[in-house]
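Engineer: Let's see this in three dimensions:
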Amino acid sequence: MARYKYIDTQPKLIPVDLAAQLRPGTFEHAPNHLLDHGVDLSHFDARFRNDDKGAPAYPPALLLKVVLFAYSQGIVSSRRIAIACKEHITFIALCGDQAPHFTTIAGFVSTLGDDIARVFAAVLAVCEAQGLIGREMFAIDGVKLPSNASKQRSGTRADFERHATKLEAAATTMLERHRANDTADTAPTLTAKTPQRHERLTRDATQRREWLTTHPEDRRGATGAVRKSNRTDNDRAKMATSTGVIQGYTGVAAVDAAHQIIVVAQAHGTGTAQELLVQIVESLQPLRGATTLITADAGDHSEANLRARHDVGRGADYRSRHAQARRTLRDAGAPADSP
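Structural biologist: Next up is the predicted model:
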């Protein structure tokens, strides 16, 4: 009978050269090298006040490395990223075996703001210096991304006013019943949970009133129509997808055709990408040449977009991808109806 070597996958103490795990040519090597040598991250220093006192902070480059690599692996949870920094050798190499806590990662990501835009611009400048941006054709496309906003917290200002009034009325009624039972000769009939329910109703009504005070006007769409607000995340939009209605954002990216470098990336609280096309095209202006072609799919086609491009003298700046494919086939001598 044939005999084979035993494959032991149990935990072992093995000396590992962490730097050797980030091999040139891999994705993880790119952010590791760029964030250490090619991108200025000094603007992150303003976040900290620990020059003389306090514990040392995790370097922003370290956190950016593990977050960007996690995104490339489809990991978008701070808890999962923190676990990977303890168990996955590539993550361990990127963070130098520091393993930041998931709250540190979550706090960093939630407060990135304009800082991440500067990092994106710096990386784009490096790509351009390396000749990775061809400037011949940019393709624009979008995707609908869900947010953590609750559907139950959506509505117009009129909806929130009505809900707050109902909650206040319910809280007042419950309080009056409580007082009446306290003064009655008979035993109280209310449960022990009544005070908690009254407190919850009052708190919910107060939160709605505070939100209405800080948001004195309804949200308006591109056409001026009232859009529903959301007390959890007021920047998101209610949008229909193939799997149902979600609360989220429309993410739009423009990609250079030469090496698939993303040159523009934005997320907006709108249910349609049509409203964003002109804005994305204008963002591409610094990278465009006289013959640059911009493509977008049928979802971006609208009379308003065509008119906007025509008004600035760029009526032929972009076409649908299907039209571009047919033109390429026609130029090559193929029939126009070729698949």
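Engineer: Which parts of the stretch 201-339 of the chain are helices?
Structural biologist: 277-283, 303-311, 321-331 (DSSP state H, counting those that start in this stretch).
Engineer: what's the average pLDDT for the first one?
Structural biologist: This means helix 277-283. Taken as a whole, helix 277-283 has a mean pLDDT of 86.
Engineer: Mind giving me the packing neighbours of that helix?
Structural biologist: Applying 3 or more Cβ pairs under 8 Å, 6 or more residues apart in numbering; DSSP states H and E, we find helix 277-283 packed against strand 137-146, strand 244-256, strand 262-268, helix 303-311. Yep, even glycine has a C-beta here, placed from its N, CA and C like the rest.
Engineer: quick one, domains of the chain?
Structural biologist: Structurally, the chain divides into domains by automatic domain parsing as follows: 18-43+56-129, 137-147+237-331, 157-217.
Engineer: Ok, which of the ones you listed comes nearest residue 7?
Structural biologist: Nearest to residue 7, of all these, is domain 18-43+56-129, at 18.3 Å by Cβ to Cβ.
Engineer: what separates that closest one from the chain centre, distance-wise?
Structural biologist: 16 Å (Cα atoms, centre = their mean, to the nearest Å).
Engineer: Distance across it, terminal residue to terminal residue?
Structural biologist: End-to-end distance for domain 18-43+56-129, by Cα to Cα, to the nearest Å: 29 Å.
Engineer: Can you read off the pLDDT for residue 311?
Structural biologist: Looking at residue 311, its pLDDT is 65.
Engineer: In this structure residue 287 contacts residue 133, no?
Structural biologist: Yes - between residue 287 and residue 133 there is a contact under Cβ atoms under 8 Å: 6.7 Å.
Engineer: which other residues reach stretch 13-28?
Structural biologist: Identification of contacts with stretch 13-28 by Cβ atoms under 8 Å, 6 or more residues apart in numbering yields 29, 32, 65, 69, 72, 89, 90, 92, 93, 94, 96, 97.
Engineer: Let's see that with 10 Å instead.
Structural biologist: 29-33, 65-66, 68-69, 72-73, 89-97 (Cβ atoms under 10 Å, 6 or more residues apart in numbering).
Engineer: List the buried residues for it?
Structural biologist: 21, 22, 28 (16 or more other Cβ atoms under 10 Å).
Engineer: re the thing from before, will you turn the domains of the chain into JSON lines that also has distance to residue 50?
Structural biologist: Shown next, in JSON lines, are the domains of the chain (distance: least, Cβ to Cβ, whole Å):
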{"stretch": "domain 18-43+56-129", "distance to residue 50": "6"}
{"stretch": "domain 137-147+237-331", "distance to residue 50": "32"}
{"stretch": "domain 157-217", "distance to residue 50": "33"}
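Engineer: lowest-confidence stretch among the ones you listed?
Structural biologist: Looking at the domains of the chain, the bottom one is domain 157-217 with a mean of 70.
Engineer: From the buried residues of stretch 13-28, which land in helices?
Structural biologist: Nothing among these maps onto helices, per DSSP state H.
Engineer: Output those residues as a markdown table; include the columns distance to residue 270.
Structural biologist: Formatted as a markdown table, these follow (distance: Cβ to Cβ, whole Å):
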| residue | distance to residue 270 |
| --- | --- |
| 21 | 42 |
| 22 | 39 |
| 28 | 34 |
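Engineer: Any chance of CSV for the helices and strands packed on helix 277-283, columns distance to residue 128?
Structural biologist: CSV is the format used below for the helices and strands packed on helix 277-283 (distance: least, Cβ to Cβ, whole Å):
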stretch, distance to residue 128
strand 137-146, 13
strand 244-256, 10
strand 262-268, 9
helix 303-311, 25
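Engineer: Present those as TSV; the columns should include distance to residue 44 and mean neighbour count.
Structural biologist: Output for those, formatted as TSV (distance: least, Cβ to Cβ, whole Å; neighbours: other Cβ atoms under 10 Å):
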stretch	distance to residue 44	mean neighbour count
strand 137-146	25	18
strand 244-256	24	19
strand 262-268	20	17
helix 303-311	37	13
